[in-house]
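only geometry, no sequence info:
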């Protein structure tokens with residue numbers, strides 16, 4: 001179907017100029033000289049987008065939209081051009097209607113706005129305020145579909161992903177020209193992005209500076225990324241853990257041997273890398289190429305990989321919503337909780353991704369159900385780890401899930417077996433298996449797990465880390481804005497008596513706090529600015545405004561809401577680190593899609609040093 005844009009403007013000169021630019025961009029154009037023509041053309045010709053100057057004769061553009069909306073017709077997005085803000089109506093009509101000042105608006109800029117609106121419609125994107133930035137989410141569209149849509153709509157700009165590191169792609173007229181993930185650029189970064197299972201992103205239009213690091217066509221880039229991910233996982237499985245230390249050995253005839261360029265880079269960077277994971281990051285080649293080089297050098301005894309002598313295995317469950325790449329890099333083992341969707345059982349994050357879950361959610365005949373990690377699953381993992389180190393197991397609040405209780409039971413009931421396994425492995429020291437109730441879920445819990453990983457890497461013992469995480473968990477303040485009270489009552493998270501006396505306006509949204517490990521209804525307020533302001537008020541209650549905080553931002557497929565909350569967090573608090581992630585399927589089952597929230601933790605000076613990322 002051709003894309004048709006209706007251009008309604010009282011000025012023939014502007015009408016012709018704007019229409020010509022849209023036509024040159026490949027769109028079919030319908031013209032209207034006044035509001036009545038715009039009404040008839042929109043109702044009868046079904047344009048894809050309407051661009052109208054508000055000061056139309058006979059019927060103003062905003063009234064055209066309001067009249068058509070009142071008929072119940074399915075309306076296209078409306079772009080309303082205005083001369084002065086005071087000319088606009090005080091109450092903006094609901095729906096896909098966007099206002100742009102006409103002063104200084106070039107035809108090329110209008111084309112970009114139309115392209116961005118069409119992209120948003122294509123991938124279920126959102127606009128926070130105006131058309132400057134589009135927010136999207138990988139639960140609504142995959143990375144592959146996103147970059148193909150950028151190409152299809154011929155967009156120029158930067159797509160930034162909300163991750164623990166700076167990551168994104170840039171595009172010129174739809175061609176992907178650059179990708180970055182921390183210090184990684186080009187194919188290495190693109191292939192990592194292609195493997196993202198979830199997460200929010202933002203698209204900023206504008207010219208893209210810098211060199212082009214990707215020169216293949218998009219089909220080749222995507223195919224290679226998929227192939228690399230499969231081969232990388234297979235190759236990595238043949239190596240020791242990413243926490244292993246790499247050491248270069250000068251074997252006989254070392255200087256006479258021939259090495260590939262990637263092997264030479266791997267050798268030169270191995271001595272400065274603290275671990276295999278860091279080595280993979282440091283070498284400017286794709287992850288697969290580096291792992292293959294490591295395997296080749298290891299087979300020749302040139303590269304020796306040594307596991308940590310005194311190792312602590314860190315275990316958590318999938319309600320922590322830690323990205324697989326981060327879990328692997330930090331040496332975190334994630335056990336999947338189960339979800340039951342219409343009598344079918346899935347493993348969270350394994351055979352049910354956030355994208356799959358959100359796509360299926362609307363069509364479910366019954367409410368989804370979650371089941372905790374079982375004792376048997378904990379026993380299996382503890383058996384695997386107990387001969388090579390101690391175990392620290394951090395899990396979702398025991399008031400929200402039974403995973404923690406099952407972990408405690410497995411650690412206790414299996415101790416005799418674990419002792420025997422150590423004896424068989426000639427390890428005489430009694431194993432230490434500590435379980436911690438995080439008192440949280442989703443990314444706030446994931447933040448605590450990441451804190452634990454950092455402290456373990458700095459050499460703290462398992463008991464000290466467990467004690468510190470327990471202390472930090474008690475000081476973590478979490479507030480969550482959910483879509484509706486009804487969704488909470490359906491899942492049983494809020495009982496009817498808790499709602500008594502609360503605001504029950506149609507647009508009211510409940511605000512929950514995590515208190516003593518349980519979700520409690522703190523307030524119910526109208527959506528929009530007031531709701532986000534209330535979140536900040538509740539977060540501020542235990543916080544010293546003069547001291548820095550570490551923050552976590554979460555959302556369940558609500559990218560625009562997450563963008564608003566991110567901006568407010570950064571403006572209100574002294575944030576030294578912000579971790580952001582998608583609420584996964586297991587937690588979304590309980591709070592519903594559309595939820596957005598944050599957690600803040602105020603560390604002591606000593607904790608700030610302990611929790612710093614190495615090298616920061």
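Everything's here; your move. No experiment lies behind these values; they were computed from the predicted model shown.

can you pull out the helices in the stretch 101-250 of the chain?
107-123, 143-152, 187-194, 218-237 (DSSP state H, counting those that start in this stretch).

same question but for the stretch 301-450 of the chain, I mixed them up
Counting by DSSP H, counting those that start in this stretch, the helices of the stretch 301-450 of the chain are 324-330, 354-361, 375-386, 403-413, 415-424, 442-457.

So residue 373 sits against residue 317, correct?
Yes - applying Cβ atoms under 8 Å, one finds residue 373 in contact with residue 317, separated by 5.1 Å. (C-beta placed from N, C-alpha, C; glycine too.)

and residue 564, that one's in a strand?
No - per DSSP: H, G, I helix; E, B strand; the rest coil, residue 564 lies outside any strand segment and is helix.

How many residues are close by it?
Residues within reach of residue 564, counting by other Cβ atoms under 10 Å, total 19.

give me every residue that touches the residue nearest to residue 263 when sequence neighbours are not counted.
Counting by Cβ to Cβ, 6 or more residues apart in numbering, residue 293 is the residue found nearest to residue 263 once chain neighbours are left out, at 4.6 Å. By Cβ atoms under 8 Å, 6 or more residues apart in numbering, the contact set of residue 293 is 260, 262, 263, 265, 266, 283, 285.

hang on, the fifth one packs against residue 305?
No - between residue 266 and residue 305 there is no contact under Cβ under 8 Å: 11.9 Å.

out of the two, which sits in the more crowded spot?
Each of residue 266 and residue 305 has its neighbours counted (other Cβ under 10 Å); residue 266 has more, 29 against 20.

got the phi/psi numbers for that one?
Main-chain torsions, residue 266, degrees, to the nearest 10: phi -60, psi -40.

residue contacts, it?
Contact partners of residue 266, counting by Cβ under 8 Å, 6+ apart, are 279, 283, 290, 293, 294, 297, 303.

Show me these that map onto strands.
Among the contacts of residue 266, the members found in strands (DSSP state E) are residue 303.

Which ones among the contacts of residue 266 lie within helices?
Using DSSP state H, the members of the contacts of residue 266 that fall within helices are 279, 290, 293, 294, 297.

Which residues are in contact with the first one?
Taking Cβ under 8 Å, 6+ apart as the definition of contact, the neighbours of residue 279 are 246, 266, 269, 270, 273, 290, 294.

want to throw the residues you listed into JSON lines with pLDDT and distance to residue 29?
Formatted as JSON lines, the contacts of residue 279 follow (pLDDT from 0 to 100; distance: Cβ to Cβ, whole Å):
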{"residue": "246", "pLDDT": "93", "distance to residue 29": "61"}
{"residue": "266", "pLDDT": "97", "distance to residue 29": "56"}
{"residue": "269", "pLDDT": "95", "distance to residue 29": "56"}
{"residue": "270", "pLDDT": "94", "distance to residue 29": "60"}
{"residue": "273", "pLDDT": "91", "distance to residue 29": "57"}
{"residue": "290", "pLDDT": "97", "distance to residue 29": "51"}
{"residue": "294", "pLDDT": "97", "distance to residue 29": "57"}
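
Can you say which of the residues you listed are buried?
Applying 16 or more other Cβ atoms under 10 Å to the contacts of residue 279, the neighbour count classes 246, 266, 269, 270, 273, 290, 294 as buried.

hang on, the earlier thing: determine the residues that are contacts of both of residue 266 and residue 305.
With Cβ under 8 Å, 6+ apart, residue 266 and residue 305 have common neighbours residue 294.

Residue 107 against residue 18, yeah?
Yes - if you go by Cβ under 8 Å, residue 107 and residue 18 touch, sitting 5.6 Å apart.

And these two? Which one has more around it.
More neighbours surround residue 18 than the other of residue 107 and residue 18, with 26 against 16 (other Cβ under 10 Å).

following the helix or strand containing the more buried one, which helix or strand comes up?
Residue 18 is located in helix 12-24, with elements delineated by DSSP states H and E. Per DSSP H and E, the first helix or strand lying C-terminal to helix 12-24 is strand 28-32.

pLDDT on that next one, on average?
Averaging pLDDT along strand 28-32 yields 96.

That strand pairs with which strands, parallel or anti?
Its sheet considered, strand 28-32 pairs with strand 4-8 (parallel) by DSSP bridges.

all strands of the stretch 401-550 of the chain, in order?
Using DSSP state E, counting those that start in this stretch, the strands of the stretch 401-550 of the chain run over 433-437, 477-481, 508-515, 518-526, 549-555.

can I see the domain layout of the protein?
4-123, 133-228, 244-306, 312-337+372-473, 476-611 (automatic domain parsing).

Show residues contacting stretch 321-331.
Against stretch 321-331 from outside (Cβ under 8 Å, 6+ apart): 163-164, 192, 195-199, 241-243, 277, 313-314, 316, 332-334, 349, 442-443, 445-446, 449-450, 453-454, 457, 554, 581-584, 587.

List only those of those residues flagged as buried.
Buried subset of these (neighbour count, 16+ other Cβ under 10 Å): 163-164, 192, 195-199, 241-243, 277, 313-314, 316, 332-334, 349, 442-443, 445-446, 449-450, 453-454, 457, 554, 581-584, 587.

before we move on, the earlier item: tell me which of the contacts of residue 293 is nearest to residue 178?
Lowest distance from residue 178 to the contacts of residue 293 (Cβ to Cβ) belongs to residue 285, with 16.8 Å.

Which pLDDT value does the model give the closest one?
Listed pLDDT for residue 285 reads 96.

quick one, what contacts the residue lying closest to it once chain neighbours are set aside?
In this structure, residue 285 finds its nearest non-sequential neighbour in residue 262, 4.6 Å apart by Cβ to Cβ, 6+ apart. Counting by Cβ under 8 Å, 6+ apart, residue 262 makes contact with 283, 285, 289, 290, 292, 293.

Do I have it right that the first one meets residue 290?
Put plainly, it is residue 283. Yes - between residue 283 and residue 290 there is a contact under Cβ under 8 Å: 4.6 Å.

Any buried residues in stretch 113-124, and which?
Buried residues in stretch 113-124 (16+ other Cβ under 10 Å): 113, 114, 115, 116, 117, 118, 119, 120, 122, 123.

Let me have these in JSON lines, extended by pLDDT and distance to residue 389.
Converted to JSON lines, the buried residues of stretch 113-124 look like this (pLDDT from 0 to 100; distance: Cβ to Cβ, whole Å):
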{"residue": "113", "pLDDT": "94", "distance to residue 389": "56"}
{"residue": "114", "pLDDT": "95", "distance to residue 389": "58"}
{"residue": "115", "pLDDT": "95", "distance to residue 389": "54"}
{"residue": "116", "pLDDT": "95", "distance to residue 389": "51"}
{"residue": "117", "pLDDT": "94", "distance to residue 389": "54"}
{"residue": "118", "pLDDT": "95", "distance to residue 389": "54"}
{"residue": "119", "pLDDT": "96", "distance to residue 389": "49"}
{"residue": "120", "pLDDT": "94", "distance to residue 389": "49"}
{"residue": "122", "pLDDT": "93", "distance to residue 389": "49"}
{"residue": "123", "pLDDT": "94", "distance to residue 389": "44"}
